[in-house]
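Visitor: fold the following, please.
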Amino acid sequence: MIFCSFSIIIITQDAIEGLGNRFTIIIIGIVIAFFTRFILIKFMNRWMMSKSKKMETPNIHKPESAELDVSENLEFNMLDLDSDFSSAKESREIMVTRAKKSMLNQFKIDLLVVLVYVFIGLYLYFIAFEFASAEVYFLYIALFLAWTVMRYVGYRHQFTAYQKGLFRVIAPVWKFVFAVFQARWYMLLALVVLVLTLFKAVLALSVGIYDEGFVMLFGVIFHLVMIFRVRKKARERDNLKLLILRVFLINKTSLFTFSRLAKFWKHFGSYFTVADPSFYKIYWKRKFKQKFPVFIIIIFLIYTQLENSSEMSPFGPFVALLIFGAIIFIIYSISRMKLNFLSNEEAMQKALDKLNKWPVKLDNTFKEKPVSCYDNTWIMAVNKLVHASDVVLMDLRGFSEKNKGCEFEINLLLNTVRLDKILFLGYPDAIPLIKTVIENKFQTLDKESPNINQSNNKATLFVVNKENTKETQHIMDVLIQKALLK
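Guide: Here you go, the predicted model:
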């Protein structure tokens, strides 16, 4: 009796110790992640202030043609939360219908891939009688199927920011329930099924079991062909390219723009922006939420394997290995960030060509294209992006007499982009200043400006008050409407 009680105490202590070790590993992982972000932002700031040695043109904007005094008056189309957006809503419904159709096609293809894998497994298990470890294989197939179905169900309500009726009440719960079925997990499971099937095919062929090997190899090839077909087909989709320009280094405005607005735009097209530390914090946070759970599961599996195969606690050596890996990761991330900084016009053009060739990610949403720039390459980058975009969002929230760094972008937009392709945003207290700056820049346009000699010139200015889902939806609707204009 005493021995049993002692054994229970030992087992309980071991369980508590193991749980504590795993919790500590999570804390260490979080600390490493935030330290990595801190280091990368430091390097980003340093490089943004430096100059590219490969950039030949000076950091001066020179008009391609002479400037002209514009006699036409500029009017403002003022919008806010209470404006009539019925015409813009029609444009949004067109794009939502297209996005849903594309998502449905992706869902059908995924179901077909799962069906092929299931038939292969059933054939080998019941007919060939040569399928070892079938339970693991069918488990991953079942998970892949579950994520495919639940991802489709969850995504059907993610094309709009603002919901009406009953769904508006349950939208937060809906989002929470389906968060686990995010695209990263879906793609990870698809990769696991693909690799597992390929591994079993190669193993079977290597020992002369050709029936099993070739049947499973067929499933791998079919899956790869479907992936390539989807990606190739995606090049035919209408990609509404949005350029987001904004006042730099304001975390609050970046949070609204890139955590709310841009995440809905990914269903309709790509967006461009010039990255700064405030953007990187939002971008990093999203990537952290997507990748960190996967990272922790992999770490736990490795740690559990080490724990089961060793009589001594592997906690100390494992943490040391984790820290060593973090150092390698930080060095790798710094080098990757350095490579992503645009050194010259050729690098910018290559990035745009790559996006045009493969505009859609594996989860069937459009790619985003934030660009990092040196002090003497950002003007070139903005100029290139302006010409590559279908619509421009000039976010002037935070614009003030002390923070007027966006005047160059306003001048560039008025000289290169039609007014009906631009949406300006601003807080109520800055509207007079914003209107004054736009009017002053409009008075002297380049000779080749598309806004020269145009009657009824109107600049669209949206007054942002609440930054809620309804405002997000209205801004999205106006941008879609402007992007679809010919």
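
Visitor: secondary structure class for residue 83?
Guide: With DSSP: H, G, I helix; E, B strand; the rest coil as the basis, residue 83 sits in coil.

Visitor: wait, isn't it in contact with residue 474?
Guide: Yes: with contact defined as CB atoms under 8 Å, residue 83 counts as touching residue 474 (7.4 Å). Glycine gets a C-beta too; all of them are placed from N, C-alpha and C.

Visitor: who has more neighbours out of those two?
Guide: Taking other CB atoms under 10 Å, residue 83 and residue 474 do not tie; residue 474 has more neighbours (23 against 14).

Visitor: apart from its neighbours in sequence, what residue is nearest the more buried one?
Guide: residue 85 (5.3 Å; CB to CB, 6 or more residues apart in numbering).

Visitor: what sits against the one you found?
Guide: Shown in contact with residue 85 (CB atoms under 8 Å, 6 or more residues apart in numbering): 79, 474, 477, 478.

Visitor: among the residues you listed, which lie within strands?
Guide: Using DSSP state E, the subset of the contacts of residue 85 located in strands is residue 79.

Visitor: hmm, which two among the contacts of residue 85 are most spread apart?
Guide: Across the contacts of residue 85, the longest distance by CB to CB is 10.2 Å; it joins 79 and 477.

Visitor: separation between residue 299 and residue 463?
Guide: 48 Å (CB to CB, to the nearest Å).

Visitor: residue boundaries of the strands in the stretch 251-400 of the chain?
Guide: 271-274, 341-342, 369-373, 391-395 (DSSP state E, counting those that start in this stretch).

Visitor: can you put these in JSON lines and add mean neighbour count and mean pLDDT?
Guide: Converted to JSON lines, these look like this (neighbours: other CB atoms under 10 Å; pLDDT from 0 to 100):
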{"stretch": "strand 271-274", "mean neighbour count": "24", "mean pLDDT": "91"}
{"stretch": "strand 341-342", "mean neighbour count": "22", "mean pLDDT": "90"}
{"stretch": "strand 369-373", "mean neighbour count": "20", "mean pLDDT": "90"}
{"stretch": "strand 391-395", "mean neighbour count": "25", "mean pLDDT": "94"}
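
Visitor: now for those, which one comes closest to residue 175?
Guide: Minimum separation from residue 175 across the strands of the stretch 251-400 of the chain (CB to CB) falls at strand 271-274, 21.3 Å.

Visitor: elements contacting the closest one?
Guide: With contacts taken as 3 or more CB pairs under 8 Å, 6 or more residues apart in numbering; DSSP states H and E, strand 271-274 sits against strand 242-246, strand 369-373, helix 378-388.

Visitor: quick one, which of the ones you listed is nearest to residue 46?
Guide: Per CB to CB, nearest to residue 46 of these: strand 369-373, 11.8 Å.

Visitor: and the closest one, what other elements does it pack with?
Guide: helix 2-49, strand 271-274, helix 315-340, strand 341-342, helix 345-357, helix 378-388.

Visitor: what strands line up against that strand, and which way round?
Guide: When pairs are called by DSSP bridges, strand 369-373 turns out to pair with strand 271-274 (parallel), strand 341-342 (parallel).

Visitor: tell me the angle of that strand relative to strand 242-246?
Guide: If you take axes from the mean of the first three to the mean of the last three CA atoms, to 10 degrees, strand 369-373 sits at 40 degrees to strand 242-246.

Visitor: what's the angle from strand 369-373 to helix 345-357?
Guide: Using the same axes, to 10 degrees: strand 369-373 against helix 345-357 is 170 degrees.

Visitor: ok, now which ones touch residue 284?
Guide: The contact partners of residue 284, by CB under 8 Å, 6+ apart, come to 37, 40.

Visitor: tell me, what's the model's pLDDT at it?
Guide: According to the prediction, residue 284 has pLDDT 82.
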